[in-house]
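> Below are the sequence and a predicted model; questions follow.
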Amino acid sequence: MGTTLFYFLVYPGFLFVAVIGGLLSWFDRKITARVQFRKGPPLLQPFYDFFKLLLVKETILPARGAKGLFLASPVFAVFGATMSGVFILLPLLNITSGFHGDLIVIFYLLTIPSLTYVIGALSSGNPLAAVGGSREMKLIMSYELTFLLVLAGIIIKSDQSIDLYQIIQVQQSGTPFIGSISGVLLFIVAIFCLQAKLALVPFDMPEAETEISDGIFIEYSGTPYAMIKLSKYILFFVLPAFVMALLMNGTRLEGIGILWAVLKLVAVVLLLTLIRNTNPRVKIKQAIRFFFVWMNLLAIIAIVLAIFGL
Amino acid sequence: MFHFGGASCNNCDIEILDCLTPRYDVERFGMLLVGSIRHADVLLVNGSINKKDKPRLLEIYEQAPKPVLVVAIGACGCTGGIFAEGDTFAGPVDKIIPVDAYIPGCPPKPEAILAGVVKLIGKN
């Protein structure tokens, strides 16, 4: 019981993912600034932002809206992000949870934050939030199938295993999945899915700052907004870690392995940030077409190649 | 940071935008321009506030989660400037909402705007 609680709340659960996620979000902002030849924010800025929102700022509730739902949805977003973090990081840190089939659970837990953002946005009663919410829903529908196809490809490559620990073991005893043609294709598709899941720039139309002024989050302030920020930080760590576990050999936490783990994580985040900084925002129609036609096609080609063992 | 433009001649607006550009980069102090007033800590007000602007400025101020700092930018925001005796002028910003910092100039230099907002960092 004690160790389980430790797993969920401290390491590798809530506290650990929140701190690393905050640091990665600073890294994202810093790289963004460097790409634009700026200096970028100080190291602890994400934590200043979070504690300022949590402790200092006033929380304003929408006058015409479902107040309970509006307040509850950020809490559920943090819950979903943290739980998926625990289930991803336990196998990644070579702690077996004895839970076979966690891949399916992780997949569903990862959709919880996006869904709760939609619910929170729609319960705020703001028209711009409603526009953002409907866009987020369409985005979820377009990338979820693609993400499932990526997972299917991974399952085929790892001899029908739906246990994340087993998948990492298969890669560590052989070659990492990214070392094959199908693995590279799956990696490309997974990166674009991540981009959409994190609502980063080519697919940030639910938040679209310049267009619908932060869309789904427009009414949030104070503590609930701090919760949303926290869930974003956590997802910013957990999703790249998930890709690392699925395709890039996981981690070995001894000696030089720690350095490799950090480098792999930073490389994935760097890739996401660079895509974000070098692309314009696409229309929701274009995003749906992009995922339904091109990414699904790429994923299916990868699956076919994986069946033939390439 | 949220930018409210009153009936400005657009010159201060441009100088505020300069603060976000690589040369001045306000993000090195951790500040970002946000899309929604609900996420803002600092409200930048520039331009002369006329009778049409006044209720809108009040509404924006009420929508901001407190504590919020207000910065009046430019001669028009601080005192009214050349519009101070105009018929439609509804008083400088500090007659309408409490102001924490005044940045005079027509337009103020971006360095002056940065100096003003950085002085507010310790104030919260």
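That came in fine, so what should we check first?

> how near is A:V131 to B:P22?
Relative to B:P22, A:V131 is positioned 32 Å away (Cβ to Cβ, to the nearest Å). Bear in mind the C-beta positions are built from the backbone N, C-alpha and C, glycine included.

> for A:F192, same thing?
Taking Cβ to Cβ, one finds A:F192 at 29 Å from B:P22.

> quick one, which of these two is more surrounded?
A count of neighbours by other Cβ atoms under 10 Å in any protein chain shown puts A:F192 above the other of A:F192 and B:P22, at 23 against 10.

> Model confidence score at the more buried one, please.
At A:F192, the pLDDT value in this model is 90.

> Excluding chain neighbours, what is closest to residue 51?
Went with chain A since none was named. Once flanking residues are discounted, A:F51 sits nearest to A:A226: 7.9 Å by Cβ to Cβ, 6 or more residues apart in numbering or on different chains.

> meant chain B actually
Spatially, and ignoring its direct neighbours in sequence, B:K51 is nearest to B:A90 (4.8 Å; Cβ to Cβ, 6+ apart).

> what sits against the one you found?
For B:A90, the contact set (Cβ atoms under 8 Å, 6 or more residues apart in numbering or on different chains) comprises B:49-51, B:53-54, B:96.

> what about residue 79, how many residues close to it?
In the absence of a named chain, this looks at chain A. When neighbours are counted by other Cβ under 10 Å, A:F79 registers 17.

> I was thinking of chain B, sorry if that wasn't clear
Neighbours of B:T79 under the rule other Cβ under 10 Å: 17.

> What of the one 5 residues further on?
By other Cβ under 10 Å, 13 other residues sit near B:A84.

> got it, and the one 10 residues further on?
Burial of B:D94, expressed as a neighbour count using other Cβ under 10 Å, amounts to 16.

> swap in A:A199?
A:A199 has 22 neighbours, counted by other Cβ under 10 Å.

> is it fair to say it lies in a strand?
No - counting by DSSP: H, G, I helix; E, B strand; the rest coil, A:A199 falls outside a strand, being coil.

> What does it show for phi and psi?
Backbone geometry at A:A199, expressed as degrees, to the nearest 10, gives phi 50, psi 50.

> before we move on, what about A:T278?
The phi/psi pair for A:T278 (degrees, to the nearest 10) is phi -110, psi 10.

> List the residues that contact the residue nearest to it when sequence neighbours are not counted.
Nearest residue to A:T278 in three dimensions, chain neighbours excluded: A:V35, at 7.8 Å (Cβ to Cβ, 6+ apart). Counting by Cβ under 8 Å, 6+ apart, A:V35 makes contact with A:273-274, A:277-278.

> Which SSE is immediately downstream of the helix or strand in which A:S142 is found?
Assessed by DSSP states H and E, A:S142 sits inside helix A:127-157. Heading C-terminal from helix A:127-157, the first helix or strand you meet, by DSSP H and E, is helix A:164-173.

> For the stretch 101-250 of chain A, list the residues in contact with chain B, please.
Counting by Cβ under 8 Å from any Cβ of the partner chain, the stretch 101-250 of chain A comes close to chain B at A:209-210, A:213-214, A:217-222, A:225.

> State the distance from A:T82 to A:V189.
26 Å.

> still on that earlier bit, list just the nearest of the contacts of A:V35 to B:G116.
A:N277 (29.3 Å; Cβ to Cβ).

> Can you tell me, leaving aside adjacent residues, what's nearest to that closest one?
Among residues not flanking A:N277 along the chain, A:V35 sits closest, at 4.6 Å (Cβ to Cβ, 6+ apart).

> hey, which helix or strand in the chain has the poorest pLDDT?
Going with chain A. Using mean pLDDT, DSSP states H and E, helix A:209-212 stands out as the lowest-scoring helix or strand of chain A, at a mean of 74.

> those helices in the stretch 201-310 of chain A, which residues are they?
Ranges of helices within the stretch 201-310 of chain A are A:209-212, A:222-247, A:256-277, A:284-289, A:296-307, based on DSSP state H, counting those that start in this stretch.

> Touching, A:F79 and A:I112? I think so.
Yes - if you go by Cβ atoms under 8 Å, A:F79 and A:I112 touch, sitting 7.2 Å apart.

> A:S158: neighbouring residues, count only.
Around A:S158 there are 22 residues (other Cβ under 10 Å).

> Distance of it relative to chain B?
As judged by Cβ to the nearest Cβ, to the nearest Å, A:S158 and chain B stand 42 Å apart.

> returning to what we had before: of the residues of the stretch 101-250 of chain A next to chain B - the most surrounded one?
Of all these, A:Y220 has the most neighbours under the rule other Cβ under 10 Å, reaching 31 neighbours.

> hang on, the earlier thing: okay, among the residues of the stretch 101-250 of chain A next to chain B, which ones form the most distant pair?
Largest separation among those by Cβ to Cβ: A:T210 and A:G222, giving 23.9 Å.

> what's near enough to touch the nearest residue to A:A299 once chain neighbours are set aside?
Nearest non-adjacent residue to A:A299, counting by Cβ to Cβ, 6+ apart: A:L149, 3.8 Å away. When contacts are counted by Cβ under 8 Å, 6+ apart, A:L149 touches A:189, A:296, A:299-300, A:303.

> mind giving me a markdown table with the residues you listed and columns for pLDDT, neighbour count and distance to B:G74?
Formatted as a markdown table, the contacts of A:L149 follow (pLDDT from 0 to 100; neighbours: other Cβ atoms under 10 Å in any protein chain shown; distance: Cβ to Cβ, whole Å):
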| residue | pLDDT | neighbour count | distance to B:G74 |
| --- | --- | --- | --- |
| A:V189 | 90 | 26 | 51 |
| A:N296 | 89 | 16 | 53 |
| A:A299 | 90 | 27 | 54 |
| A:I300 | 89 | 16 | 59 |
| A:I303 | 89 | 20 | 61 |
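
> any idea which of those is closest to chain B?
A:V189 (30.2 Å; Cβ to the nearest Cβ).

> gap between the closest one and A:W294?
The value you get for A:V189 to A:W294, if Cβ to Cβ is used, is 9 Å.
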